[in-house]
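1. Curious how this folds, go ahead:
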Amino acid sequence: MNAQIEAQGAGPGVSSPRHGSRGSYLIGLGYAVVLTLASFWAASTDLIYPSGVPILLGVLAIAQMGVHLVFFLHITSATDQTNNLLALAFGIFVVALTVFGSMIIMTNLNHSMMPMDRLIQIQR
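-> Sure thing, here's the model as predicted:
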């Protein structure tokens with residue numbers, strides 16, 4: 001039995017990768033298309049208060065990421081998915097650290113810069 005598993009590319013103690021069925025991929029595709037169309041509708045409609053559009057788009061984007069993680073990348077909370085969840089959490093942490101760190105640096109630089117009218121007076 002172990003020889004068959006090793007011949008298929010998985011070693012002892014390594015579970016074979018689980019892939020979704022065609023139906024689950026089609027369900028995921030349906031959700032992704034609906035969320036994409038909802039995002040385009042939200043960006044172009046006048047039915048939503050203009051200040052709420054970015055919030056709605058953010059919620060739809062997070063839902064879209066959830067659909068992709070579950071239906072296409074097969075990230076679940078099962079015990080055999082611990083490494084995948086940790087890798088995803090680390091990736092999110094690195095991206096958040098980079099984005100928010102850059103924003104803090106740019107805010108600090110903007111605060112430390114000389115006002116534009118004063119800079120123009122110095123250059124004359």
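2. contacts, neighbours, all on C-alpha from now
-> Fine.
3. What are the buried residues along the longest helix belonging to the chain?
-> Counting residues, the longest helix found in the chain (DSSP state H) is helix 82-112. For helix 82-112, a neighbour-count test (16 or more other C-alpha atoms under 10 Å) marks residue 85 as buried.
4. Now do it: distance to the chain's middle.
-> Mean C-alpha position of helix 82-112 versus that of the full chain (C-alpha atoms, centre = their mean, to the nearest Å) differs by 13 Å.
5. ok, now stretch 105-114?
-> On the basis of C-alpha atoms, centre = their mean, stretch 105-114 sits 29 Å off its chain's mean C-alpha point.
6. Show me the domain layout of this protein.
-> Structural domains assigned to the chain are 19-74, 81-124, following automatic domain parsing.
7. Mind checking the pLDDT average for the longest one?
-> Mean pLDDT, domain 19-74: 92.
8. My understanding was that residue 57 contacts residue 42; is that so?
-> Yes. With contact defined as C-alpha atoms under 8 Å, residue 57 counts as touching residue 42 (7.2 Å).
9. hang on, the earlier thing: check which element follows the longest helix of the chain along the chain.
-> Counting by DSSP states H and E, the next helix or strand C-terminal to helix 82-112 is helix 116-123.
10. residues touching the residue nearest to residue 63 when sequence neighbours are not counted, list them.
-> Once flanking residues are discounted, residue 63 sits nearest to residue 35: 7.7 Å by C-alpha to C-alpha, 6 or more residues apart in numbering. Residue 35 makes contact with 60, 63, 64, according to C-alpha atoms under 8 Å, 6 or more residues apart in numbering.
11. for residue 55, same thing?
-> Counting by C-alpha under 8 Å, 6+ apart, residue 55 touches no other residue.
12. For the helix or strand containing it, buried residues please.
-> Assigned by DSSP H and E, residue 55 belongs to helix 53-67. Of all the residues in helix 53-67, those buried under the rule 16+ other C-alpha under 10 Å are 53, 56, 57, 60, 64, 67.
13. what's the neighbour count on the nearest residue to the third one once chain neighbours are set aside?
-> Going back to what we said before, that points to residue 57. Residue nearest to residue 57 in three dimensions, not counting chain neighbours: residue 39, with 6.0 Å by C-alpha to C-alpha, 6+ apart. The tally of other residues near residue 39 (other C-alpha atoms under 10 Å) stands at 19.
14. Many thanks, we can stop here.
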